[in-house]
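Engineer: only geometry, no sequence info:
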Ligand code: PGA
């Protein structure tokens with residue numbers, strides 16, 4: 001049976017000392033809540049401190065991006081091996097902010113995903129339509145295409161370490177949330193593409209999160225939907241009480 005995964009995406013927030021304080025405060029609040037996996041994806045410079053603070057707890061630490069090369073002349077980039085060596089377990093790939101502001105394409109998303117999986121990281125692969133695509137009625141086509149391109153060349157065995165985060169771009173950081181029905185429907189479309197690519201068992205096993213203004217008020221309803229297996233949470237992951245409420249909703 002697939003796991004529910006509640007993951008925070010801190011984006012460009014929290015210094016190392018703030019990260020340490022946050023995790024120290026969060027750990028007792030989420031202790032024993034084992035019906036979901038709990039992940040915090042944090043800025044590169046916070047990872048070492050976060051891993052140390054999370055030791056012995058049920059909180060797992062992830063990065064927010066990774067480069068696709070093993071090493072080399074890529075000023076400012078970070079490799080998968082650098083991440084795993086300091087204890088990173090997860091990595092977000094293909095977040096819409098990377099696609100929008102930093103030239104990320106499905107080709108580079110695919111390359112990063114492959115490099116991360118090869119290094120033993122679990123990948124939270126983000127995809128989703130922009131507002132114009134939803135209004136034009138082509139959401140299903142867009143997410144199907146992204147799913148196929150982003151997973152190209154990834155084996156069924158590797159897929160076991162992939163979580164897909166369906167994040168409608170119009171809902172990210174906007175306070176607009178997809179309705180539970182919209183989230184369920186589009187996560188279902190992604191699951192059916194995975195079924196076509198990898199078969200029924202893989203489709204049943206894969207965790208598909210919803211992301212986009214998920215918060216303590218709407219999490220329970222979104223998470224109650226059969227195709228929504230967790231959340232990728234930005235703003236509401238920056239407050240221990242709000243994030244804990246979402247973890248509680250996943251454990252209800
Ligand atoms: P948000 O961000 O919860 O602040 O909308 C979600 C995300 O970007 O992953």
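Structural biologist: Here it is on my side, so go on. Not measured: the values here are computed from a predicted model. Numbers count the residues shown, from 1 in each chain.
Engineer: which SSE is the residue nearest the centre of the chain in?
Structural biologist: Geometric centre of the chain, nearest residue: residue 124, 3.8 Å, by Cα atoms, centre = their mean. Assigned by DSSP states H and E, residue 124 belongs to strand 122-127.
Engineer: in the helix or strand following that strand, what's buried?
Structural biologist: Next in sequence after strand 122-127, counting helices and strands by DSSP H and E, comes helix 131-135. For helix 131-135, the buried set under the neighbour-count rule, 16 or more other Cβ atoms under 10 Å, comprises 133, 134. Backbone N, C-alpha and C define where each C-beta goes, glycine included.
Engineer: which residues are contacting helix 131-135?
Structural biologist: 139, 142, 168, 169, 170 (Cβ atoms under 8 Å, 6 or more residues apart in numbering).
Engineer: C-terminal to the helix or strand harbouring residue 182, what's the next element?
Structural biologist: For residue 182, the element it lies in under DSSP H and E is helix 180-198. Where DSSP H and E defines the elements, the next helix or strand beyond helix 180-198 is helix 200-205.
Engineer: buried sites along that following helix?
Structural biologist: 202, 203, 205.
Engineer: How about stretch 236-252?
Structural biologist: Neighbour-count burial for stretch 236-252 [16+ other Cβ under 10 Å]: 236-238, 240, 242-250.
Engineer: gap between that stretch and the chain center?
Structural biologist: 15 Å (Cα atoms, centre = their mean, to the nearest Å).
Engineer: How about the residues of the stretch 101-250 of the chain by the ligand?
Structural biologist: Residues of the stretch 101-250 of the chain lying close to the ligand (Cβ under 6 Å from any ligand atom) are 167, 172, 173, 211, 212, 213, 214, 232, 233, 234, 235, 236.
Engineer: what's the distance between the third one and residue 97?
Structural biologist: It stands for residue 173. 9 Å (Cβ to Cβ, to the nearest Å).
Engineer: With residue 250 instead?
Structural biologist: Taken as Cβ to Cβ, the span from residue 250 to residue 97 is 24 Å.
Engineer: And the residue of the protein closest to the ligand?
Structural biologist: residue 234 (2.3 Å; Cβ to the nearest ligand atom).
Engineer: you'd agree that residue is up against residue 174?
Structural biologist: No - assessed by Cβ atoms under 8 Å, residue 234 is found out of contact with residue 174, at 10.4 Å.
Engineer: which residues are common contacts for these two?
Structural biologist: residue 213.
Engineer: Can you give the distance of stretch 72-88 from its chain's centre?
Structural biologist: Worked out by Cα atoms, centre = their mean, stretch 72-88 lies 19 Å from the chain centre.
Engineer: Is the residue of the chain positioned farthest from its centre part of a helix or strand, or is it coil?
Structural biologist: Residue distances from the centre of the chain (Cα atoms, centre = their mean) peak at residue 73, which lies 27.8 Å from the mean C-alpha position. Of the three states, residue 73 takes coil according to DSSP: H, G, I helix; E, B strand; the rest coil.
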